[in-house]
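[1] quick one: sequence plus predicted model below, questions after.
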Amino acid sequence: MKMPLFRASTRKKRERVVETALKLFARHGYDQVSVDDIIAATGTSKGTFYHYFASKEALLCELPRQQCETVKQWDWTGAEAATPFERAGSLLLTLCHQVENAPLLVKSTFALSKEVALLEKAQAEFASLLIGRLTQMLNDRQQATYLYDLYMGTLWTWASSDRTDLETALRRNLYWAWRGLGNQPGIPGTDMQWQVPKFVRKEKKIMHVAVIGGGLAGLTAAAYLSQSTEISGVVFERSPQWGGRAFTYEKSGFTLNYGAHAIYGIDRHTISQLEKELRLQFASREVNKRQVMYEKGTNVTPAPLDFVNLVKTDVITTGQKVRFAAEIAAMIGGIHQFRNYETLGDYLAESHAGEDLKELWEHLVCSNFFISPEDARRVPGSVIADYYHNLFLSQKPVNYILGSWAVITEQLKQKIASSGRWELAAQEGVDNIRYEDGKYWITTKNRSASFDRVMFAMPVQQVVKLLKGTPWEPFLKPYESNTATEVLVYDVGLSHVVNRPFSYISDMNNKMFITDVSATDHTLVPEGGQLLQGVAYLSDETDGDTKDRKAYLDERQQQMEALFDRHYPGWREATVVKRMSKRAMVQSVKNVVGNRLLPNRLDSVPFYFCGDGCLGKGELAERAFSSARNAAKLLLSELPVFAGQH
């Protein structure tokens, strides 16, 4: 396919548009990307775009054009020792490596090849060229046509069925092709793991990636990236521990988590996708819903987690129960009015529900988002609608990962390390980052190293600080005033079970709760012991005055200890281990109006971002997992463009 001649500078601009467009097609699918999207992503004008390309369809022809170039430039050096069929297989495998990270793009070319005349012509030229080259190798046009059909059929099946390993599929099909062609001399016969000689395969270009932050998000993103043989990297973590706020340690036989390891709606949670895609193995146990209680005034009553508890609870009246059940049904159906209000506070102000029901909604949001009542009223209505739509559809509203977060983080670390291409660098924080000679240079106390891509997996506040004084600082300014979600955490390990009236008690009066963690996860305590975790939601109202803040935090501690006294008498005398943090960060960006979650990619900034302060599904740990998964997949979609550039 002949290309128009351009000056070198013009050709470079054109290639940038092609690379960006193919990246967008690979990430979103051809139909979901408009010419305006391409223009915005490349910073070109509409006139410039149409100077290079007659239409968006013309861009779609770039994939078969690139495949044509690969066939034309196929390196025959040193191939004399290989059989014709080995050379043919090597060429087909090289072609597959060119597209193996772009299934959506491949699927689009197949779907549109009969509708777009220009694309159909480009595909025909590729077919003619490849069949011609295979015929030269095999001296048999019928066999060459058969191998072309096999290659295209493998591409179609892979792109249409979410297959993750194109090379394995092609090798398997080539094996059966060799058998079908009669096991002729020089054709591998019985070894399905047939390997093409290295001297006929072009060397893969390895993308070197830095992941900054070794918490749940950083480890998850690196685990996904480590599955690609075309990526190597380093995970930098400033502290000596891995897992960030999910760090776990043992003391006197008790396993303590810096963050709660409860999973809300595990059957609809992102961790279930990780379990399948990363082959994680863990067990979980559901919290007994009949032992989840609310304390309102002096009355202790079941929390309305399901229909049985709703009937039994005293937190709302019978008439309000009917309305609450209707609201749950509307939430499940995706038609609740929450979506029409900017915040929970706006909805409650206009709702005709009773005060007890309004208080229940506020308390639910406090409990699930770990925030104070005044912050709960600032949570966007759309966020609440999405969150509870998912949670109310779940058959398992609250589960614990047995053995704590360490079960997950250790497997993620092992997966990263076992790839042989990644380094886990603990106690090595990143001091600065700069762009030079086409690379991103990262400096730590131990090294100065270059990387092709960089992913930030750390609190947004730390990202803003690290990028101060760089060309990217202005683009982070909208995120520098974000506030974090902080709570008071009070863990006590007891020598014996002092009382077990319930597994969870939530104080609606003072907005705090105590979980009997060991009632659900017995693996965290020595035999006969009991582990209780108290969490109090904190208000930001006294943040400006140090003296007032200290007095406020002391008061919250006293309220927490009073809650322990009421329901776990004798806990002080039985305490073996105690850990308290008066300002523990549980989420780096509080999901309220006025804060802005950081997207996985930011316009004019070349990095990737993930963590619980980034856009993603769910709250707390789930947002860390989901944003990391999304960011990793975005980076993986760039591999075809990266390979083409190098």
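    That came through, no problem.

[2] ok, now which ones touch residue 220?
    Residues in contact with residue 220 (Cβ atoms under 8 Å, 6 or more residues apart in numbering) are 274, 278, 412, 610, 624, 625, 628, 629, 632. Heads up, the C-betas are built off the backbone N, CA and C, glycines and all.

[3] and it, how far from residue 573?
    Separation of residue 220 from residue 573 (Cβ to Cβ, to the nearest Å): 42 Å.

[4] same question for residue 385.
    To residue 573, residue 385 is 47 Å away according to Cβ to Cβ.

[5] next: residue 493.
    With Cβ to Cβ as the criterion, residue 493 and residue 573 are 13 Å apart.

[6] of those two, which one has the most company?
    Taking neighbours as other Cβ atoms under 10 Å, residue 493 and residue 573 compare with residue 493 leading, 26 against 9.

[7] these two touch, right, that one and residue 574?
    No: taking contacts as Cβ atoms under 8 Å, residue 493 lies outside contact range of residue 574: 9.1 Å.

[8] so what sits against both of the two?
    Counting by Cβ under 8 Å, 6+ apart, the common neighbours of residue 493 and residue 574 are residue 530.

[9] just checking: what are the partner strands of the longest strand along the chain?
    Secondary structure of the chain per DSSP state E: the longest strand is strand 575-587. With DSSP bridges as the test, strand 575-587 is paired with strand 485-494 (antiparallel).

[10] which residues touch whichever helix or strand comes after the strand it pairs with?
    Next helix or strand after strand 485-494 toward the C-terminus (DSSP states H and E): strand 504-507. When contacts are defined by Cβ under 8 Å, 6+ apart, strand 504-507 is touched by residues 287, 291-295, 300, 303, 363, 367, 512-516, 559, 563, 567.

[11] out of these, which are inside helices?
    363, 367, 559, 563, 567 (DSSP state H).

[12] quick one: list the elements packing against the host helix or strand of residue 98.
    Element membership of residue 98 [criterion: DSSP H and E] is helix 84-99. Packing contacts for helix 84-99, counted by 3 or more Cβ pairs under 8 Å, 6 or more residues apart in numbering; DSSP states H and E, involve helix 62-72, helix 117-138, helix 141-160, helix 166-180, helix 639-645.

[13] which of the ones you listed sits closest to residue 606?
    Distance to residue 606, taken as Cβ to Cβ, is lowest for helix 639-645 among the helices and strands packed on helix 84-99, at 12.7 Å.

[14] surely residue 627 touches residue 610?
    Yes: taking contacts as Cβ under 8 Å, residue 627 lies within contact range of residue 610: 4.2 Å.

[15] okay, those two: which has more neighbours?
    A side-by-side neighbour count of residue 627 and residue 610, using other Cβ under 10 Å, places residue 610 first with 34 against 30.

[16] measure that one to residue 520 for me?
    Taking Cβ to Cβ, one finds residue 610 at 29 Å from residue 520.

[17] now swap in residue 243 and tell me
    Going from residue 243 to residue 520 by Cβ to Cβ gives 20 Å.

[18] so between these two, which is more surrounded?
    Legend: neighbour count by other Cβ under 10 Å for residue 243 and residue 520, higher for residue 243 (25 against 21).

[19] list the buried residues for the helix holding residue 98?
    Of all the residues in helix 84-99, those buried under the rule 16 or more other Cβ atoms under 10 Å are 84-99.

[20] how about the contacts made by residue 470?
    Counting by Cβ under 8 Å, 6+ apart, residue 470 touches 433, 434.

[21] which SSE is residue 551 in?
    Using DSSP H and E, residue 551 sits in helix 546-567.

[22] could you check how far that helix is from the centre of its chain?
    In terms of Cα atoms, centre = their mean, to the nearest Å, the centre of helix 546-567 is found 36 Å from the chain centre.

[23] could I get the buried residue list for that helix?
    Neighbour-count burial for helix 546-567, counted by 16+ other Cβ under 10 Å, picks out 549, 552, 553, 556, 557, 559, 560, 561, 563, 564, 567.

[24] for the closest residue in space to the last one that isn't next to it in sequence, give me the pLDDT.
    Which is residue 567. Distance criterion Cβ to Cβ, 6 or more residues apart in numbering; nearest residue to residue 567, sequence neighbours excluded, is residue 505 at 5.6 Å. The confidence metric pLDDT takes the value 96 at residue 505.

[25] and for the residue nearest to residue 25 when sequence neighbours are not counted, the neighbour number?
    Among residues not flanking residue 25 along the chain, residue 105 sits closest, at 4.6 Å (Cβ to Cβ, 6+ apart). A total of 25 residues lie near residue 105 under the criterion other Cβ under 10 Å.

[26] how about residue 604?
    As a burial measure, residue 604 scores 9 neighbours (other Cβ under 10 Å).

[27] now do residue 174
    What residue 174 shows, counting by other Cβ under 10 Å, is a neighbour count of 23.

[28] look up how far residue 85 lies from it.
    The gap separating residue 174 from residue 85 is 9 Å, by Cβ to Cβ.

[29] can you tell me the SS state at residue 24?
    Using DSSP: H, G, I helix; E, B strand; the rest coil, the secondary structure recorded for residue 24 is helix.

[30] before we move on, the earlier item: how far does the longest strand of the chain sit from the chain's center?
    That offset, for strand 575-587, works out to 27 Å (Cα atoms, centre = their mean).

[31] next structured bit after it?
    strand 601-602.

[32] in its sheet, what does the following helix or strand past that following strand sit against?
    Next in sequence after strand 601-602, counting helices and strands by DSSP H and E, comes strand 605-609. Using DSSP bridges, strand 605-609 pairs in its sheet with strand 453-456 (parallel), strand 601-602 (antiparallel).

[33] is residue 384 in contact with residue 337, as I believe?
    No: Residue 384 lies out of contact with residue 337 (Cβ under 8 Å); the separation is 10.8 Å.

[34] compare the two (neighbour count), which wins?
    Shown here are residue 384 and residue 337; by other Cβ under 10 Å, residue 384 has more neighbours (25 against 14).

[35] phi first, then psi, for that one.
    As for residue 384, its main-chain torsions (degrees, to the nearest 10) stand at phi -60, psi -40.

[36] next: residue 591.
    Per-residue torsions, residue 591: phi -80, psi 70 (degrees, to the nearest 10).

[37] residues contacting it?
    By Cβ under 8 Å, 6+ apart, the residues touching residue 591 are 369, 379, 380, 383, 597, 619.

[38] closest to residue 351 among the residues you listed?
    residue 379 (15.0 Å).

[39] can you count the residues close to the closest one?
    25.

[40] that one: what's it in contact with?
    Contacts of residue 379 by Cβ under 8 Å, 6+ apart are 343, 344, 365, 369, 371, 591, 592, 593.

[41] for the spatially closest residue to it that is not a sequence neighbour, give its distance to residue 538.
    Leaving aside its chain neighbours, residue 379 sits nearest to residue 344 (5.1 Å; criterion: Cβ to Cβ, 6+ apart). Residue 344 is 18 Å from residue 538, where distance means Cβ to Cβ.
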